[in-house]
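Peer 1: One predicted model, sequence on top.
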Amino acid sequence: MSTEEQKPTSNLKNNILKFPGTKNKAVEEQQKEFARLLFSIQMKMNKNDFNVHPITHKELLLLSNHGEAIEHPQQTASRLISVLATSLIRNSFMEDLLWVEKKEKATVQWATMLF
């Protein structure tokens, strides 16, 4: 495959120093998990129906904790922003509905206590 056909990938920069002759298995496992999560995000955002693929809790946690160190290709980044904004609006709307429902229940309970 030529370099022109390759799609850019997301990557995570870190500032962990590696000393000669030492291995930190916990760091290696964490880096593998981060790479797997970034690949998962990249695959979801590269699909034509990217907006129907949910971002998992682990992916969201990775973006929350390390988002400033992650570089995404432009298309992936813009689609990810769209999906996250849609999720935020949907969750806010659901919270508003739950609040109204809770308020209505409290009003009904209060009204029944009066009579």
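Peer 2: Right, received. Where do you want to start? Numbers count the residues shown, from 1 in each chain.

Peer 1: Going along the chain, name the strands of this structure.
Peer 2: 11-12, 70-71 (DSSP state E).

Peer 1: Which of these has the lowest mean pLDDT?
Peer 2: Lowest mean pLDDT within the strands of the chain: strand 11-12, at a mean of 67.

Peer 1: surely residue 62 meets residue 36?
Peer 2: No: at 9.9 Å, residue 62 and residue 36 do not qualify as touching, with contact defined as C-beta atoms under 8 Å. For the C-beta atoms, the positions are set from N, CA and C on the backbone; glycine is no exception.

Peer 1: more neighbours, these two?
Peer 2: Using other C-beta atoms under 10 Å as the criterion, residue 62 and residue 36 rank with residue 62 on top: 21 against 13.

Peer 1: Next one, pLDDT for the more buried one please.
Peer 2: Predicted confidence (pLDDT) for residue 62: 93.

Peer 1: got it, and residue 3?
Peer 2: pLDDT, read off for residue 3, is 44.

Peer 1: Poorly predicted segments of the chain, please.
Peer 2: Residue ranges of the chain with pLDDT under 70: 1-17, 97, 100-115.

Peer 1: Compute the distance between the most centrally placed residue in it and residue 18, please.
Peer 2: Using C-alpha atoms, centre = their mean, the residue of the chain that lies closest to the mean C-alpha position is residue 60, 2.7 Å off. Taking C-beta to C-beta, to the nearest Å as the measure, residue 60 falls 29 Å from residue 18.

Peer 1: Done for today, thanks.
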